[in-house]
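Enquirer: Mind looking at a prediction? Sequence and model below.
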Amino acid sequence: MSVSRLNRRSSEVRTLAIFSALLLVLLGTAYAQSSPGPQPVPLPPPIPAPLDTPYPGTITLAVDASNVNDRIVTIHEILPVKPGKLVLLYPEWFPGWHAPSDSIARLAGLVVAANGKRISWVRDRVNMRAFHIDVPQGTATLDVDFQYVAQMKSEEGRISSRIADFSWFCYVLYPAGHFSRQIHLSPSLRIPEGWKFATALAVKSQEGNLIHFKDTTLNTLIDSPVYAGVNFKRVDLSTGPDNPVYLDVFADAPANLEITPEQLQYHQNMVKEAQKLFHSRHYDHYDFLFFVSDSMGNDGLEHHQSSEDATKANYFTDWVAGVGGRDLLPHEYVHSWNGKFRRPADLWTPNFNVPMQNDLLWVYEGMTQYYGMVLSARSGMLTPEQARDAFAMIATGFAISPGRTWRPLIDTTNGAIITGGGSLVWSSWQRSFDYYAESALIWLDADTKIREMSNGAKSLDDFVRLFFGMDNGSYVTKTYTYDDIVSTLNAVQPFDWNAFLQTRIYDVAPQVPTDGITRGGYRLVYNDEVPEWVKRSDSFGGGFSFSLGFRVNEAGNVESVTWEGPAFKQGLTPDMQLEAVNDQKFSVSGLREAILAAEKNKTPVKLLLKRGDEYRTVSLDYHDGLRMPHLERVDSGPDRLNAILAPAK
């Protein structure tokens, strides 16, 4: 072959190769366009939506909670059914928690049987609280058995060897497709031998430690927990035969049940003041289910005819030490009207597996927080000075929390849904459940504004009577919207309430809403005077958030650090242990004295901290004293705050 012919042949080969490569690219592109990547698998069919139709028949629910040693509750249900598809739901959204519950993680041993034979169940692939069952032909009832395995720590699982909180929410599977008020049950509960119990439910019969309750709806059952225990006292707080109210106290030890005549009078006053405020009631009888215990943790959860309440064992025996949590019972009692009888429209749901929306929690919880404090003062459970100190501490707490510079108050109503109720590392920056306490300041602002504009003729109490005092004796929940709130405020006192609420709640509001304090006739001041109740309480960490910028408990555990505060700037974090102060072993009183000394001699406060296996010494160049907040009376102007806190006439 000649050279010229060889070159020509090589050129032809190269041309063919290039053409082939281009063809492959074009074919590959076309193939890629005609053969897409992975596609999503279709979701399972939706769970039947709840309808306002009766579930046929009555479900038998037998709960055996006698095994408190192992913290195991055994449940047996008998459900009337028809052959075909059935979906059973385990409750997820519980009114008052404002977030989905994780109780499903403690369900175990689920067995379903028909006509004495075990049948299969299949958990929904998306909804982990839904169980699909094919009911065989010829089946009239299903037997459903499972256990609720509570957490071993009593403050987390609410069951101890001497007292327990039995929540029906955790002990039931119910049929999908119906409103909870349309599902009827015949419930029973077995408690440990020798225990007493209290609940808002009506009792049908009792055989030893087995209690049969009257038939009721799922809606009412889940809203009616049972407290039980060894040491029990029932205290009558009724204002009369038409308003039966009881304080059902359970304690670790009999000595913690002792109530002085003065304390009894304060609690009776609370009920009287609530009746003066609302001019109505929406219960047959009301029961404060109350733990005074160091084993159960602190708690407060509202129900229509009762409340779940828990505080320290010394609630009665060291009255002054409990000032910081004195509004617990008044707060939950107010919820019988605000939250249970009247409820935000987007927070009411037809069953316990439809998601709730928290947009109006600044009313549901915020106004309740306000009136919980007010009723505490009006009843004598707090002195006027203690109530003023409480408002001062709330205002100061927000003044040192820069999270309000980026996050509006309304967004904190989503907090429980976002965090599941868990704690935040930097709560002063991230913002926690601020819709409680900050809304209390906003409602104080509204109250004093109404009093100012009406020259004292009207107040927020008038709003309460209009908004919550309707339909006396009715148990049927009435929902409300934002527009309902604004229109009722205007009915009491004409004003641009929409702008008032928008700027304080829905907009980013860096300034703390202290107008209610100022208009109330007071100003916020700081000094080194520590109220006796703060000294005797560990709930405020000595008040060091207001000075050094961190909270620490008696054991030296740093519980929180204020964003951009003195401690934050020196690298303190909430996982540290405070070992020593100025070369002396840590104590709350010792740290307090060190701050006072630094105010006078201008020497830094030296802290020895432990983090894991590492030790670190820091010096806080801080000399402004304890900065304990108080409200000081302003000479000019009416004392509106004192009028708010005084017993109603």
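Expert: Ah, there it is.
Enquirer: that's a helix at residue 484, yeah?
Expert: Yes. Under DSSP: H, G, I helix; E, B strand; the rest coil, residue 484 falls within a helix.
Enquirer: what residues are up against it?
Expert: residue 467 (Cβ atoms under 8 Å, 6 or more residues apart in numbering). For every residue, glycine as well, the C-beta is placed using N, CA and C.
Enquirer: gap between it and residue 363?
Expert: According to Cβ to Cβ, to the nearest Å, residue 484 and residue 363 sit 10 Å apart.
Enquirer: and if you look at residue 438?
Expert: Taken as Cβ to Cβ, the span from residue 438 to residue 363 is 13 Å.
Enquirer: what's the answer for residue 345, then?
Expert: To residue 363, residue 345 is 12 Å away according to Cβ to Cβ.
Enquirer: and if you look at residue 194?
Expert: With distances taken as Cβ to Cβ, residue 194 is found 44 Å from residue 363.
Enquirer: just residue 465 next, same as before
Expert: With Cβ to Cβ as the criterion, residue 465 and residue 363 are 16 Å apart.
Enquirer: try residue 242
Expert: In terms of Cβ to Cβ, residue 242 sits 28 Å off from residue 363.
Enquirer: try residue 515
Expert: The gap separating residue 515 from residue 363 is 19 Å, by Cβ to Cβ.
Enquirer: These two: which is more packed in?
Expert: Per other Cβ atoms under 10 Å, whichever of residue 515 and residue 363 has more neighbours is residue 363, with 25 against 17.
Enquirer: Tell me the pLDDT of the nearest residue to that one once chain neighbours are set aside.
Expert: Spatially, and ignoring its direct neighbours in sequence, residue 363 is nearest to residue 485 (6.2 Å; Cβ to Cβ, 6 or more residues apart in numbering). Looking at residue 485, its pLDDT is 98.
Enquirer: Next: the one 5 residues further on.
Expert: In the prediction, the pLDDT value recorded for residue 490 is 98.
Enquirer: ok, back up a step: what do residue 345 and residue 363 both touch?
Expert: What both residue 345 and residue 363 touch, as defined by Cβ under 8 Å, 6+ apart, is the set residue 480.
Enquirer: Residue ranges in the stretch 451-600 of the chain under the pLDDT threshold?
Expert: For the stretch 451-600 of the chain, residues meeting the criterion pLDDT under 70 lie at 538-542.
Enquirer: hmm, 90 instead?
Expert: 473, 475, 530-543, 554, 589 (pLDDT under 90).
Enquirer: just so I have it, where are all the helices in it?
Expert: Secondary structure of the stretch 451-600 of the chain (DSSP state H, counting those that start in this stretch): helices located at 460-468, 482-492, 497-501, 515-519, 532-535, 566-569, 588-601.
Enquirer: how about those in TSV, adding distance to residue 264?
Expert: Below are those laid out as TSV (distance: least, Cβ to Cβ, whole Å):
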stretch	distance to residue 264
helix 460-468	26
helix 482-492	35
helix 497-501	39
helix 515-519	32
helix 532-535	20
helix 566-569	43
helix 588-601	32
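Enquirer: Double-check residue 523 against residue 517; I have them as touching.
Expert: Yes. The pair residue 523 / residue 517 is scored as a contact, 7.2 Å apart, by Cβ atoms under 8 Å.
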